[in-house]
Structure formats: structure tokens, C-alpha cells
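Visitor: build me a structure from this.
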Amino acid sequence: MNAVGASRYAPEWLSLREGADVQARSSELLEPLRAFLAGPPPAGGGGTGPLTIRDLGCGTGSMGRWLASRLDGPQRWIMYDRDPDLLAGIASRMPDEAADGSPVEVVPQERDVTGLTSSDLAGTSVVVASALLDLLTAEEVARTAAACTDAGCAVLFALSVEGRVELDPADPLDGEMTAAFNAHQRRTVDGRRLLGPDAVEAATSAFELHGATVRTHLSPWRLGPQDRELTAEWLRGWVGAALAQRPDLRAAGDDYLRRRLGTCEAGGLRAVVHHRDLLALPEPDERV
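Guide: A predicted model of the protein is given here:
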């Protein structure tokens, strides 16, 4: 989801990738998150009320479907997106119950998530997002880090691109395509220079600057013959972005894509698409 404009991803793509996302997201970061949530409520919170979780650029709600059923206690999910079509009916796509059977409430809100302030986040337990961080600028990440730490809430950003792809079998053009794609991810759009593969490093620095403790964990897609439909669609988007950045590669790139799709269709292509998840926890005295 593009944080400041129209939806970047079609619902069909979001649905196609959801299984790979579920397998990739880091369960290792859930234990420290649960420990944090078991402590005192965030500043401005409601004490014994439900967990308030804000999902930035929620898309079809895949992050909520993954996380709500892995946390205990009643939960109130505020689902933010700029696309009203994605928000329509999103409550029906979320779990009704938390891990311990507690109720899950869903509140959709259409808005630009880059403008959230600490006042907007008052009483929030956790801010989450999936595949969003790399679409932001350094300034937007810095503002988000300041707002979240000032509000005393935890942050879990999943599936930020790392800029590394491993394809088996290898091809001589793999490196050039990767470099072109990464340059596209760092492009300037309407005066905004996107962070792309630099997002996790920038976010780590921004949260640590505000005193938060940051943990990261690898969360790669591991795609094999059983994932041919997803792999083929990912390849089209990956190569398409690379060629948009490097039009001079068009002839070679079109041939590269044909070869790769042929190998994929035959069940002979494996891909590891590297992402990283980030958990930022504020200092304990910021929560009381």
C-alpha cells in the first residue's frame, strides 16, 4: 500500500502473496512483544481496556489476520488505508477472537498514515505495518518513530525489502536486474525519495535516537515449485520495476523474463526474496 497516494497493490496480488507472507513473518519477535504488552499500559492508555492496535496501510488486513490470533486479550484494531475499496468489509476478513478467545473489534479508517502524531497514537498498545516501511521517506520514518516513542507504544513493521534476491538456477543478468530494481525502490516520486532497501537501517537509527530498543529478524520468502503462480507474478513485477528504472535493459530484460518464466512454469525455479522485520519497544518509563 502506498502510504500517501492511491493503493499500490491490487487485492489479487495481496491475496496471492498472503501465504508467503504468513510463512515469512518473524515469530521470533512475538515473544518480546508479548512481554511488553504484559507490562504497564502505554501512556494515555485505558488501563484494563482492550489492546489498541493500529495497522498502517492495512491493505486487505493480512497483518491483522496473522497477529490478532497470536496475541491474548481483547483487541481493538484501527485499520488505516488510503483505498476505500480495500477497507470495505475489512472487519469480515479479520478474526473474531484473539488467541485466548477474547473478542477482536475492527475499526476501518481512511487516511494518510504518514501524518500520524503522538496525540493520534495516545493509548495505543502497538503500531503495526506489513510491506510498508520501504515505501516511506527518511523524513516520514523519522516522524513515525518520534510519534510512536512519544506515545509509548510498541512498533512491529514486517516484511521490509532487503534488496537481496537469490535465484536458483542463477542467470548472468540476476545481479544487474537486482541493482536496477533496488534503484527503482530508492527512486523519487512526487518529490519524495523512497527508502527502499535502506528502510530498516533508517528506521532502526530513528527509533534508537528516541531511546527505543530495536530488534530485527530476517523474514524471507522462500519460493519453490509449489509457489509457481506467486513466483511468476513476483518476477513480472520485479523485472518490470527494474526495466522502468533502466529502459536501456529492455531488450535483454524482456528475454530474461521469458527465460525465467519458462523455468518457473516448468517447476525448475527457486527464489529467496529477502525481507526483514523490525520490533521497536520504548523505554519502560515512557509507558507510565
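Visitor: just the strands from the stretch 151-288 of the chain, written as ranges.
Guide: Along the stretch 151-288 of the chain, counting by DSSP state E, counting those that start in this stretch, strands occupy 154-168, 188-189, 192-193, 213-218, 221-223, 270-281.
Visitor: can you read off the pLDDT for residue 281?
Guide: Here the pLDDT value assigned to residue 281 is 98.
Visitor: that one contacts residue 32, correct?
Guide: Yes: counting by C-beta atoms under 8 Å, residue 32 is a contact partner of residue 281 at 6.7 Å. Where you see a C-beta, it was placed from the backbone N, CA and C, and this is true even at glycine.
Visitor: show me which of those two is the more surrounded one.
Guide: Comparing residue 281 with residue 32 by other C-beta atoms under 10 Å, the one with more neighbours is residue 281, at 24 against 14.
Visitor: now do the contacts for the more buried one.
Guide: 32, 33, 36, 154, 155, 212, 213, 214, 215 (C-beta atoms under 8 Å, 6 or more residues apart in numbering).
Visitor: most surrounded residue in those residues?
Guide: That'd be residue 155 among those, by other C-beta under 10 Å, with 28 neighbours.
Visitor: contacts only, for that one.
Guide: Residue 155 touches 126, 127, 128, 145, 148, 207, 212, 278, 279, 280, 281, counting by C-beta under 8 Å, 6+ apart.
Visitor: can you tell me how far the last one sits from residue 39?
Guide: The gap separating residue 281 from residue 39 is 10 Å, by C-beta to C-beta, to the nearest Å.
Visitor: same check on the fifth one?
Guide: Spatial separation of residue 148 from residue 39 under the definition C-beta to C-beta is 16 Å.
Visitor: those two: which is more packed in?
Guide: Using other C-beta under 10 Å as the criterion, residue 148 and residue 39 rank with residue 148 on top: 26 against 11.
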